[in-house]
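> 3D model of this:
(one chain, ligands or ions: 1)
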Amino acid sequence: MCAGSACENVPHMSFMPVLRALGDLVVPLECAGCATPSVRWCPVCDDAVGWAPTRCKTRFDTGMPVWSVTPYRGAIRRALVQWKEHGRTDLQPVLVHRLAYALASLLTDGELSGLVGDTTPVMLIPAPSRWLAHRKRGAHPVRDLAWGIGEEFGDRRVDVAEVLRLRLGSRDAVGLTAAERVVNVRGKVVLRRNAGTVLRAVAERSPHVILIDDIVTTGALLRESASVLRRHGVTVTAAVVFAAS
Ligand SMILES: [Zn+2]
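Residues are numbered from 1 along each chain as shown. Just a heads-up that it's a prediction; the model follows:
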């Protein structure tokens, strides 16, 4: 506990640049998008993301509208690789905030139902990722995005249901052709244990069901995911993804 003028004269904040510089020596700090030093995410890259969600044209008909926050290219592409493959989990709040903003915009503008100021409850379903990929990366990036979005809304109007998983046997989609991506996920998306109970509760509430993913490439995984949900009585309203390639 400190008291009196001695404590008041200590320039607490002046230590911060020194501490940050020391931190840089331990873990090199650079913008995940453009490698600018001493900043995790720079204003230029942040501006490059944009705000308004865009309706995507996917190679395969997913049977639902697919909305993305930003194109998968340049600094955004580099940042997502850093986030997903190299442990840059500090980018998570950036992705979550943009996705939450996009979802709020779609509701406010009536893009999901034609109803401006739409207050329909929302159920977010994370698109499945390979189990081995999870294990290797030690995280569930897309699941964490969905939970983060729900927390940003904070009013319990947006819930998350983890009901989908990929069976073993599907490969990492990176480097696959469009045709290979279809084969890779065909029949591989399945419900998690006890998901049936969750989905019956979802169907009774009639929320907007939104698939969440980080990147959409061909739409094959989203199409397969929506198909599985449809077979269990749940119609997906739309997919909202961070980046579209
Ligand atoms: Zn940058």
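
> quick one: strands adjacent to the strand ranked longest in the chain?
Criterion DSSP state E: the longest strand present in the chain is strand 208-216. Based on DSSP bridges, the pairing partners of strand 208-216 within the sheet are strand 122-126 (parallel), strand 238-244 (parallel).

> Where does pLDDT dip in this protein?
Low-confidence segments of the chain (pLDDT under 70): 1-28, 130-139, 168-175, 182-183.

> max-length helix in it?
helix 92-108 (DSSP state H).

> how about that helix: buried residues?
Across helix 92-108, burial judged by 16 or more other C-beta atoms under 10 Å covers 94-104, 106-107. Every C-beta, even on glycine, is put in place using the N, C-alpha and C of the backbone.

> Just give me the closest of those to the ion.
Nearest to the ion among these is residue 94, at 11.0 Å by C-beta to the ion.

> Quick check: residue 191 touching residue 228?
Yes. Contact status for residue 191 versus residue 228: in contact at 6.8 Å, counting by C-beta atoms under 8 Å.

> Residues that sit against both of these two, list them.
Taking C-beta atoms under 8 Å, 6 or more residues apart in numbering as the contact rule, residue 191 and residue 228 both touch residue 164.

> ok, the nearest residue to residue 117 once chain neighbours are set aside to residue 101 distance?
Using C-beta to C-beta, 6 or more residues apart in numbering and skipping the chain neighbours, the partner closest in space to residue 117 is residue 108 (6.2 Å). Noted for residue 108: a distance of 10 Å to residue 101, by C-beta to C-beta, to the nearest Å.

> ok, residue 191 and residue 228, which is more surrounded?
The neighbour count for residue 191 versus residue 228, taken as other C-beta atoms under 10 Å, is higher for residue 228 (20 against 17).

> Which strand or helix spans the more buried one?
Secondary structure assignment for residue 228, by DSSP states H and E: helix 220-231.

> name the helices or strands packed onto that helix?
Judged by 3 or more C-beta pairs under 8 Å, 6 or more residues apart in numbering; DSSP states H and E, helix 220-231 is in contact with strand 164-166, helix 178-185, strand 189-191, strand 208-216.

> Pull the residues that contact it.
With contacts defined as C-beta under 8 Å, 6+ apart, helix 220-231 is touched by 58, 60-64, 66, 125, 127-128, 163-164, 173, 178, 181-182, 184-186, 188-191, 199, 209, 211, 213, 216, 235-236, 239.

> Give the buried subset of those as a PyMOL selection command.
In PyMOL, selecting the buried portion of these, with burial taken from 16+ other C-beta under 10 Å, looks like this:
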select buried, resi 58+60+62+64+66+125+127+128+163+164+173+181+182+184+185+188+189+191+199+209+211+213+216+236+239
